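A.B. asks: Attaching a predicted model along with its sequence, questions to come.
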Amino acid sequence: MKNKKRANSPERKQPHPFEFENLTFNELYEIFIKKSNDGILVTDLVGKILATNEKFAAFLNYPLEKLFNKPAKSLLYLPKGEAQFDFSIHAFKSEQEPLALERYFVRKDGSKTLLRIHPYIIKDQNKRKPKLLFYVIRNLKIENELMQIFEKHFTESQEGFTILNEEGCFYVANPEFVKMMNLSITELSKKKVWEICPDLLNKEKFQEMITSTEPQKTILDLRERREKKHSVELSMQIIKIHGKKFVQCICRDISEQQEKNHKITQQQQLLKKQKHELEIFAANIAHDIKGKLQAIAIYNNLIKEKLEDDTKYPEKIDELIEEIDQFVNNSLLLAKEGEILGEFKTVNLTELLKELIKKISIINPEVQFKIKKLPEIYADKQKLLLVFENLLLNALTHSAATEITISGKGMKENIIIEIRDNGKGISEGTQAQIRNGWETGIIFSFGLMIVKKIVDAHKGTITFQSKEGEGTIFTITLPKNLTEKVKHS
């Protein structure tokens, strides 16, 4: 039967939500009974069951078809002395819905279960008289525990919160969740969770999540529902209450965070581009400086040929040229991002250090060097030479030491090299500045920064101990299983 369009009439009180006079019984069944998350009973005015759903049948372990036309009161357990409730219109005083009440129902096997009954009246459209009785029935134990969980998040939480049943229907939702979804409570009650954003959370994925014990996270992009981009993170976790599974969902608006992350990513990309451009610029400058140094060296050689043999100025110029060239190389090494290691080969550390000491000992011939037998290592020989050169030069020129000892030992997985001097030591303030430079990248000691960068590139570590008046110990630990793959990691 087609519904007649209601004519304009004086303003009257808004009817109860379950007073759907403009719906046919079949429409009422499809919308509010069949798809409901709760148990539903519809009776006539004397309490005979006209319609129910699988939820209610499951509460009592009855086949659905066995409940139709059955007197609803026959399902109740009513001991003597307890107030009667017979599911008829007589239970409604002055045709007003009573408050929710709790009653024991008898299951098919004779056991009892406590359920909560929420009664409503469906009235005739024209005469405004009772037409049908509508009951929402919930499992009391499950409902109480769910509501305890829900109440923690309902009013105070700034996050959206909802509870889903196993079918993906919304059981309860707080206002913040409704606001985030940009749906009304009525719209939300008609949808499954995957219908909100089907391209990101489908039914199959939800069913997989139901069977999993691990918490799940899904990003829902809801920008189509709002004028601006709007994304939420939905964290879902399975909870079990009296053997039944529910899904607890916490919803966080991450739109601002995603926007911040996007800006950070853009800034990082810009910095990476600028750093690359700076490396190219530095390399070009270094190339020009080296070219001019070569020209100076050529002219210096021409001057040597015309000057007296005992003149030392050309040699001084050669030393300065070499120092400037080394400074440029070291500057490029510090500025370079990523791969800094070259060819790997087996390095005899004892021979390497003997050759280095022979070269630098002329700086202070009074200092005695002691080399204890050192293990071999597979590494970048030229870069390791630079490490030892910087450490030994520091000890020669700054420590006022009379003895420098280099020792090493091979462990199961590492090689440990120790450089010890008996000099004046490093002050606590300077030690703090060196360590801070290693941690932050702020250059305090040019040579020690190069040492740290090369050791790090070899996947090793460097530490030091020093006490004023007693000397300093630098300890380098390098892995034994170094390969050329280290260069690319």
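C.D. replies: Yep, it's here.
A.B. asks: show me where the stretch 151-300 of the chain has strands.
C.D. replies: With DSSP state E, counting those that start in this stretch as the criterion, the stretch 151-300 of the chain has strands at 160-165, 170-173, 216-221, 231-241, 244-253.
A.B. asks: now do the stretch 351-489 of the chain
C.D. replies: Taking DSSP E, counting those that start in this stretch as the test, the strands found in the stretch 351-489 of the chain are 368-371, 376-380, 403-410, 414-421, 461-467, 471-479.
A.B. asks: Out of the strands of the stretch 151-300 of the chain, which gets the lowest mean score?
C.D. replies: Per-segment confidence across those bottoms out at strand 216-221, which has a mean of 62 in mean pLDDT.
A.B. asks: tell me which element the closest residue to residue 113 other than its chain neighbours falls in.
C.D. replies: Once its chain neighbours are removed from consideration, residue 113 has its nearest residue in residue 105; the separation is 5.6 Å (CB to CB, 6 or more residues apart in numbering). From N, CA and C alone the C-beta is placed, and that goes for glycine too. Element membership of residue 105 [criterion: DSSP states H and E] is strand 101-106.
A.B. asks: Point out the other helices and strands that that strand packs with.
C.D. replies: Judged by 3 or more CB pairs under 8 Å, 6 or more residues apart in numbering; DSSP states H and E, strand 101-106 is in contact with helix 54-60, strand 112-123.
A.B. asks: a markdown table for the strands of the stretch 351-489 of the chain, including mean neighbour count?
C.D. replies: Shown next, in a markdown table, are those (neighbours: other CB atoms under 10 Å):
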| stretch | mean neighbour count |
| --- | --- |
| strand 368-371 | 14 |
| strand 376-380 | 21 |
| strand 403-410 | 17 |
| strand 414-421 | 20 |
| strand 461-467 | 16 |
| strand 471-479 | 20 |
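A.B. asks: Select, out of those, the one closest to residue 202.
C.D. replies: If you check each of the strands of the stretch 351-489 of the chain against residue 202 by CB to CB, strand 471-479 wins as the nearest, at 47.1 Å.
A.B. asks: elements contacting the closest one?
C.D. replies: Based on contacts counted as 3+ CB pairs under 8 Å, 6+ apart, the elements that strand 471-479 packs against are helix 381-398, strand 414-421, strand 461-467.
A.B. asks: Can you check which of these gets nearest to residue 53?
C.D. replies: strand 461-467 (67.8 Å).
A.B. asks: What pairs with that closest one, parallel or antiparallel?
C.D. replies: The strands beside strand 461-467 in its sheet (DSSP bridges) come out as strand 471-479 (antiparallel).
A.B. asks: Going by mean pLDDT, which of the helices and strands packed on strand 101-106 comes out lowest?
C.D. replies: Taking the mean pLDDT of the helices and strands packed on strand 101-106, strand 112-123 comes last: a mean of 83.
A.B. asks: So if we follow the domain assignment, how does this structure break up?
C.D. replies: Structurally, the chain divides into domains by automatic domain parsing as follows: 25-138, 155-253, 261-335, 344-488.
A.B. asks: among those, which gets the worst mean confidence?
C.D. replies: Here the domains of the chain differ in mean pLDDT, and the lowest is domain 261-335 at a mean of 68.
A.B. asks: For residue 138, list the residues it contacts.
C.D. replies: 38, 39, 115, 116, 118 (CB atoms under 8 Å, 6 or more residues apart in numbering).
A.B. asks: I'd like those as a markdown table, with distance to residue 171 appended.
C.D. replies: Compiled in a markdown table, these are given as follows (distance: CB to CB, whole Å):
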| residue | distance to residue 171 |
| --- | --- |
| 38 | 9 |
| 39 | 13 |
| 115 | 16 |
| 116 | 14 |
| 118 | 15 |
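A.B. asks: returning to what we had before: out of the helices and strands packed on strand 471-479, which comes closest to residue 135?
C.D. replies: In terms of CB to CB, the element of the helices and strands packed on strand 471-479 nearest to residue 135 is strand 461-467, at 72.7 Å.
A.B. asks: can you give me the offset of stretch 471-478 from its chain's centre?
C.D. replies: With CA atoms, centre = their mean, to the nearest Å as the basis, stretch 471-478 stands 38 Å off its chain's centre.
A.B. asks: Next: stretch 474-484.
C.D. replies: Stretch 474-484 sits 33 Å away from the centroid of its parent chain (CA atoms, centre = their mean).
A.B. asks: just curious, which of the contacts of residue 138 is nearest to residue 317?
C.D. replies: Nearest to residue 317 out of the contacts of residue 138 is residue 38 (CB to CB; 95.5 Å).
A.B. asks: my guess is the closest one meets residue 54, correct?
C.D. replies: No - using CB atoms under 8 Å, residue 38 makes no contact with residue 54, being 11.3 Å away.
A.B. asks: The two: who's more crowded?
C.D. replies: Each of residue 38 and residue 54 had its neighbours counted (other CB atoms under 10 Å), and the higher figure belongs to residue 38 (21 against 13).
A.B. asks: for the more buried one, what are its contacts?
C.D. replies: Applying CB under 8 Å, 6+ apart, one finds that residue 38 lies in contact with 55, 136, 137, 138.
A.B. asks: Residue 409 too?
C.D. replies: Taking CB under 8 Å, 6+ apart as the contact definition, residue 409 lies against 375, 415, 416.
A.B. asks: Same check on residue 361?
C.D. replies: Applying CB under 8 Å, 6+ apart as the definition, the contact partners of residue 361 turn out to be 367, 369.
A.B. asks: Same question for residue 452.
C.D. replies: By CB under 8 Å, 6+ apart, the neighbours of residue 452 are 438, 462.
A.B. asks: For the closest residue to residue 131 other than its chain neighbours, grab the count of nearby residues.
C.D. replies: Counting by CB to CB, 6+ apart, the nearest residue to residue 131 once its immediate chain neighbours are dropped is residue 124, at 4.6 Å. Around residue 124 there are 11 other residues, counting by other CB under 10 Å.
A.B. asks: ok, so what distance separates residue 124 from residue 46?
C.D. replies: Using CB to CB, to the nearest Å, one obtains 16 Å as the distance from residue 124 to residue 46.
A.B. asks: Over to residue 402?
C.D. replies: For residue 402, the distance to residue 46 - CB to CB - is 113 Å.
A.B. asks: Just give the number of residues close to residue 375.
C.D. replies: Using other CB under 10 Å as the criterion, residue 375 is surrounded by 17 other residues.
A.B. asks: before we move on, the earlier item: nearest to residue 201 among the contacts of residue 138?
C.D. replies: Nearest to residue 201 among those: residue 38, at 23.9 Å, using CB to CB.
A.B. asks: Tell me how far the closest one lies from residue 134.
C.D. replies: In terms of CB to CB, residue 38 sits 11 Å off from residue 134.
A.B. asks: right, and the helices and strands packed on strand 101-106 - which one's nearest residue 269?
C.D. replies: helix 54-60 (53.7 Å).
A.B. asks: So which residues make contact with the closest one?
C.D. replies: Here helix 54-60 makes contact (CB under 8 Å, 6+ apart) with 36-41, 63-64, 67, 75, 105-108, 113, 115, 137, 139.
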